[in-house]
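>>> here is my input; please provide its structure:
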Amino acid sequence: PPTDTQHDICAARLGAPWHLPTKENCQELYDNTDIEWMANYNNTGVAGMKFMKKTDHSVFIFIPASGYYYGTDLLNNRIGGNFWSSSFHSVTNAYTLYCYSWNSITNVKPQEYNERKAGRSVRPVTLPFAPLSLHFQDGSGNALAGLAVTVTDGNGAHSMTTDASGNIVMNVVKGNVTLA
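Down below sits the predicted model:
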């Protein structure tokens, strides 16, 4: 079967660090947010789901109810949609984030799977970044200015040089970071 990134249109078109979310990312979104159906988001005429951080509703992501295509037919426009994840399910199916609202009933399934031949929407995401501050000094405590350092994170290798005080400050993708 394909790997989770083998058929990732977001990574192919936008480049790193953008990618399709995994089914685990969809589950994390579902588990850590309060969800509200918006019939007319910000008076734009666009309906969809607002996923708000449980501890701070001012932090949110809005996902429009864009429906989906099956053949040449647009189905469920303005009442819901399925959004591709990069997670493979079977030869004919892949995982999606399923979002619908019908007759005042809101339904979200973070790990639904659907036919890969149907036209579903994509929502690119990026990895979270964290600040990284490094200070380099010799055995006597003197700053190492002009030191060439390579920092490798989830976006690849970044070559940098320490400043006059022996410091490097940068944003890195959270996770494993190595120095060379």
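
>>> for the rest of this, base every contact and every neighbour count on C-alpha atoms.
Will do.

>>> which strand residues bridge Gln137?
Note on Gln137: beta-bridge partners by DSSP bridges are Ala143.

>>> for the residue nearest to the spatial centre of the chain, which residues are in contact?
When Cα atoms, centre = their mean is applied to the chain, the residue found nearest the centroid is Val125 (2.5 Å). By Cα atoms under 8 Å, 6 or more residues apart in numbering, the contact set of Val125 is 18-21.

>>> not counting sequence-adjacent ones, nearest residue to Asn93?
The shortest distance from Asn93 to any residue that is not its chain neighbour, by Cα to Cα, 6 or more residues apart in numbering, is 4.4 Å, and that residue is Glu115.

>>> whoops, Leu74 was the one
Leaving aside its sequence neighbours, Leu74 sits nearest to Tyr68 (Cα to Cα, 6+ apart; 5.6 Å).

>>> contact partners of the one helix or strand that neighbour maps to?
In the assignment (DSSP states H and E), Tyr68 maps to strand 68-70. Contact partners of strand 68-70, identified using Cα under 8 Å, 6+ apart, comprise 74-77, 81-82, 117-121.

>>> at 10 Å instead, please
In this structure, residues lying in contact with strand 68-70 by Cα atoms under 10 Å, 6 or more residues apart in numbering are 74-77, 80-83, 115, 117-121.

>>> so, low pLDDT: which residues of the chain?
Residue ranges of the chain with pLDDT under 70: 1-6, 127-131, 154-155, 171-180.

>>> again, 80 this time
Low-confidence segments of the chain, defined by pLDDT under 80, are located at 1-7, 15-17, 103-105, 110-113, 116, 127-133, 151-158, 169-180.

>>> just the helices in it please.
Secondary structure of the chain (DSSP state H): helices at 9-14, 23-31.

>>> which residues touch the longest one?
Helix 23-31 has contacts (Cα under 10 Å, 6+ apart) with 4, 21-22, 35, 51-54, 61, 83-89, 94-98, 108-113, 125.

>>> ok, now with 6 Å
Helix 23-31 is contacted by residues 85, 87, 110-111 when judged by Cα atoms under 6 Å, 6 or more residues apart in numbering.

>>> around the residue nearest to Asn93, how many other residues sit close by?
Here the neighbour count serves as a burial measure; for Glu115 (other Cα atoms under 10 Å) it reads 16.

>>> and it, how far from Gly71?
Here the distance between Glu115 and Gly71 works out to 12 Å (Cα to Cα, to the nearest Å).

>>> just grab the bridge partners of the nearest residue to Ile61 once chain neighbours are set aside for me.
Taking Cα to Cα, 6+ apart as the measure, Ile61 lies nearest to Phe51, with 5.3 Å between them; neighbours along the chain are not counted. Beta-bridge partners for Phe51, by DSSP bridges, are Ile35, Ile61.
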